[in-house]
Structure formats: C-alpha cells, structure tokens
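> heads up, no residue letters with this:
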C-alpha cells in the first residue's frame, strides 16, 4: 500500500513540472552563467525513491554556478542540485550511495537523524573522502525505524561548516506508520529545505572569508542574508480550500535559526526530528535550530487568497557577548547590555530585524473539508536511566589554542574518547549552557527525549536529535543506546562552533 | 619617511580603551597594542553602550570594546598596524572599526581557524568605507 502511495505521489510531483517546489530541489545549471538559469537536469533526478526495497544512487559533490537573485555566483551542490536529490525510503530498505568528491577539499556524508550503524561505511563521520575520491556508503534502514524527515549533509571535521554554508545538504524521507494515518495520508505534501546563502559580494563557497565582509564570522556562526526555500526565493506553495498541507521542514543552515509563522494559519505540529508525536500540537510559530526538522499540518481554513510564510527575527543570545565575553557573566537574551547594540553586525553581518517572507501559500481549488488527525502515534517513554552525565557548553580563550568552543572545558580532539557508554543502557544527560550564545546540541545515531528544561518538565514527549540549549539553561535529555555499538559524536549544530571545538566523541561499547 | 609624525607612532601615543571586566579578548587586544609600542589606558566600565553612543560608533560596526587615540575612535579588534596607518595618513574620518570578533584578529587568535576581515573607516555622518583588509 505504501509503495502505491509512493509511486502515485512521485508521479504527481513530476507531472507538476520540473520547477515545482514540491520536488524539493531547484534545478541549477551546471554550466549556467551567473544571472541566467539553464537547467541541465531532468526533474526525475530530483526525487530518488527506493525500488523493490533498495535505493542505489550516486551523489556528486561539486561546485555549481547558481542563478539565485542576489545570491552567490557559485554554490556547493549534490548532483548540481540545491538542495540535493530528495531521497525517499521505506523502513527496512537497503541503501547504497556512491559519493564522488569533485570539491577541492575533503568531505564525507552524515545521515542526520537516522538510526543506523555509526561505523564501517554506514553513518561514519570519521570517514574522509579526499578530493577526486569516491566512497560507497551502505546500510539498511531498520524495519522498525520511525517514519520521518531526515537530513543528509557533509560532516568532515574541518570542512563541514564551510561545505554546509556553501550549500551542501539534502532531505531524506523515511515512510512508515505516520504516512498511513488517514488524515496525514490525505494531506498534500511539501518539503521545505531552509537554507541561507551569502550575498554575491560576500560569497566564496570554499573560501575562509565567506560571509564576512562587513559582518561577523565563525565566532557567532555565519549566516547568509539570502533566505532560500528549496533553493528558491519566495516559492509558491498551494493548498486546496478545506484541505490539509503537510510541510516537512528542514533547517539546512550552518548557523541561522528559522522562526516561522504563516499568515492566517496555525501550524499543527505532527512530527519532530525523530518522527511522530502523540497528538497534533497547535503552534502560532515554529522555531528550528540548525539541523532540526519538523512536520506540520496546515488547514486550508481560509476561503482563498495568498498568505506569506514569514521568517521572524530571532536573537541567538549574542547580546551578552560584549559584556560577558569568555567567563560567565550569565547574561542571556535581553539582559545586560541591551540587544540594540549587541545585535548590530555583532550578530552575523546579515542580522534580520523584521519578518521576511520566504514562501507564499496560494489557495488552489477546493476539496471536501478534511479534519486534523486526533491521535498520531505512541511515543514510548524510555525506562529509568542507569546513569546521569553532565555536559557544560561554553567558549573561551584557551592557552595555546586561542578562541575555542568547549564541552566540559575541552575542545574536540580526534582520537580521544570523551564519553563511553554501554549498548542498551538508558542515560540522562544534563546539557548546561554557561555561555552567552545559544547552542543547539545534537547527538548522532540514537534519538533522545527532552525530559525537562531548568527542571520544568517538557509538556509532551517527542523524539529529537537536536535540542536548543539557550544561555543559562540546563536541558535534561534521555536516550537509550540501541542496536549499534561503535563510535560517533555529539556536538553543537551551529557548525562553526563544532569546527571551533564544540564536539565530543561517544563510544558505545557492546 | 617624514620624521615628525613617525615619532608619534610608538610609545608616545596614548590609547584609552573602554571594556567590560570579563572580556578576555579585549585584554588580548590591549596586550597586542602594548607589544606594538602603544601606551594604553585600560578603563573597565559598566556601561559600554553609553561609551559607544558618546563616541558615535555606528551600531553596525560595534564590537566588544571601544578606544580613543589622537582624537580618533577605535572600535573592536583593529590591528596596531592599521592604527599606525590611520595616524600617518590622518584621514578626515571619525575612526576605524573591525565589527564583531573575527578569528585571527589581534586578541581573537585561534589555533584552529583564521578569517578574513576588513578594517572600516567611519565618519560622524555615517559614511563607512573599507580601510584595510586582513587575513586569509
């Protein structure tokens, strides 16, 4: 049944045309000239669905001329696409991806959010794929893997921030029980891959100076002023009056937080990073830190018209930077120095001061009114933890190192084991931010549930793999190291901070 | 090489810096200036915003410390060599600024990465221009 559904959706999407945002990728001309778009790629290459339980494809990482108005002349792409091809799988499918590195720096691939082995040629972030080299990735999505919206992107320490900021990334959908809930199945489906790109003047995808110019750099995390959705500026989305639109939203930015609101409509959250929640949660706005995903339903409850999807301003806590540099003044957002001064170009060089429309929702046709689902899927509570650990996030000037970002006072060091756990154990981790900037904390391979924030219990259970830890907060997460022994990492998903040391290794012992 | 102005470029020049007590990279910048021969008055203040406002530092160019030298305003991690150029050229500007905290600038040294950055000049009526480029 799921297979038929897949094929039908793919057909409809392709029939809608190559430039439809539904495909999840804008087509960029590989030989196109700046200012002129010349699609070379057929639309069929933008969605790659598994066939007979198997997905096999090549991903070519390369620099590609782009034609996004105001954006950089060159972006980094997979197969000439930004975002890369949309990968569509079912739980239980086998995956074989051949990564060809046509960049001038080392890269690799991370399958963000997937519960697959961390070693070998599966989700192994320690692999290095040199320029000109090829790496074959092979793994099987477990048969009981949750359905959800996942994210593939490079993860080679030393180049990951530049490559993600330069454009690399794509969406990976796993289909399953969530997709078979009748109301969800009846919804129109749309992927939104959120990506900020530097303006042409500041751009040099492979250069270290990218995003600087008048602006701020890696210290706070580079943001670009050009806000794209599926590689496009203000793409059109459509909803039938009375119908439901399911948005699968991925924050594919290096450092930008996206705070979304849709004019005239609530967002009904149905899934977080790791898949379905138990019942829809109505939101007026949705905040996504880098690496986070969400699925929401929009009800076509207006009679018609056009509504703007807005990205609202968000301050990532830099206001305290000037007063609290380095050692804990404990200043959070809106405290201390006052945001006006602190958030000039201190922020990013592209600090957003007002809502920016990033897409437009149009009413097209009408259908018999569809209800929201009342229940979704069970989110099993994890058992009581056997251990509690503490991870303190901050930055500072370290002797001999200069400015570094730290977890438990240590900067990332390749080969050192920072945290060793036992396969099958459930643990609680208290993640504490004693600094002055927001840090989204990401753990690979196993999802977690947020238990509490500063001691306040989380209102509902959800599977996540990135949690925002604002300055002065302690977030308690609970996770179980299931199924796969091996070595992986946790880190701040402001990838500039990861590059500057805010990452640790996690050894899962059988 | 004109003799007069050159003499003003070393120990004779007093730079008054304003910073918060906790700023590690501000101290690093002051050490860099001292090593380059500047005489430094280090003022630890509570309200940096007021200092920046008084000296009419454009908000867009702000960083974590503000200083004055020979009638010019110096904002952020401006290298000593750029300040020397300023004092040698004596342009009709209010001062120089390095916005933010670029890695690799004086006081923001990093063993991990360096970034290109621009020293901007600014005038009292908000004219901002590139003065010098550094790094990467």
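In hand now; what should we look at? The shown structure was predicted, so the numbers you read here are calculated from the model rather than taken from an experiment.

> per-residue pLDDT of residue 4, please?
Answering for chain A, as no chain was given. Per-residue pLDDT puts residue A:4 at 33.

> that's the other chain; I wanted chain B
37.

> what's the answer for residue A:353, then?
Confidence score, pLDDT, at residue A:353: 75.

> which stretches in chain B count as strands?
B:14-19, B:39-44, B:66-69, B:72-76, B:95-98, B:117-122, B:128-134 (DSSP state E).

> shaky segments in chain B?
In the predicted model of chain B, residues B:1-11, B:136 satisfy pLDDT under 70.

> and for the residue in it positioned nearest to chain A, the neighbour number?
Residue nearest to chain A within chain B: residue B:116 (3.1 Å; CB to the nearest CB). Where C-beta positions appear, they are placed from N, C-alpha and C, glycine not excepted. Neighbours of residue B:116 under the rule other CB atoms under 10 Å in any protein chain shown: 18.

> the helices in chain B, which residues?
B:3-7, B:24-35, B:48-54, B:80-89 (DSSP state H).

> what's the burial count for residue B:56?
14.

> any idea how far the residue of chain B closest to chain A lies from residue B:78?
Relative to residue B:78, residue B:116 is positioned 15 Å away (CB to CB, to the nearest Å).

> how about the strands in the stretch 251-400 of chain A?
Taking DSSP state E, counting those that start in this stretch as the criterion, the stretch 251-400 of chain A carries its strands at A:258-262, A:267-272, A:275-283, A:286-288, A:293-299, A:306-311, A:356-366, A:387-398.

> no, scratch that, I was asking about the stretch 1-150 of chain A
Going by DSSP E, counting those that start in this stretch, the stretch 1-150 of chain A shows strands at A:26-27, A:47-49, A:54-65, A:74-78, A:81-82, A:86-90, A:94-101, A:110-112, A:134-140, A:148-153.

> the fifth one packs against which elements?
Contact analysis of strand A:81-82 by 3 or more CB pairs under 8 Å, 6 or more residues apart in numbering or on different chains; DSSP states H and E lists strand A:26-27 as its packing neighbours.

> returning to what we had before: relative to residue A:413, which of the strands of the stretch 251-400 of chain A is closest?
strand A:387-398 (12.1 Å; CB to CB).

> show me what counts as buried in the closest one.
A:391, A:393, A:394, A:395, A:396, A:397, A:398 (16 or more other CB atoms under 10 Å in any protein chain shown).

> which members of those additionally contact chain B?
Near chain B, judged by CB under 8 Å from any CB of the partner chain, the entries from the buried residues of strand A:387-398 are A:396, A:397.

> now the two most distant members of the buried residues of strand A:387-398.
A:391 and A:397 (20.8 Å).

> sorry, back to before: tell me the most buried of the strands of the stretch 1-150 of chain A?
strand A:81-82 (a mean of 28; mean count of other CB atoms under 10 Å in any protein chain shown).

> low-scoring stretches of chain A, by residue?
In chain A (pLDDT under 70), the answer is A:1-45, A:201-216, A:318-351.

> so how far is residue A:228 from the most centrally placed residue in chain A?
Centrality entry for chain A: nearest residue to the mean C-alpha point is residue A:291, 2.6 Å, by CA atoms, centre = their mean. Between residue A:291 and residue A:228 the computed distance is 17 Å (CB to CB).

> do residue A:61 as well
For residue A:61, the distance to residue A:228 - CB to CB - is 19 Å.

> before we move on, what about residue A:401?
Counting by CB to CB, the gap from residue A:401 to residue A:228 is 35 Å.

> of the strands of the stretch 1-150 of chain A, which is nearest residue A:471?
Comparing the strands of the stretch 1-150 of chain A against residue A:471 with CB to CB, the closest turns out to be strand A:110-112 (24.7 Å).
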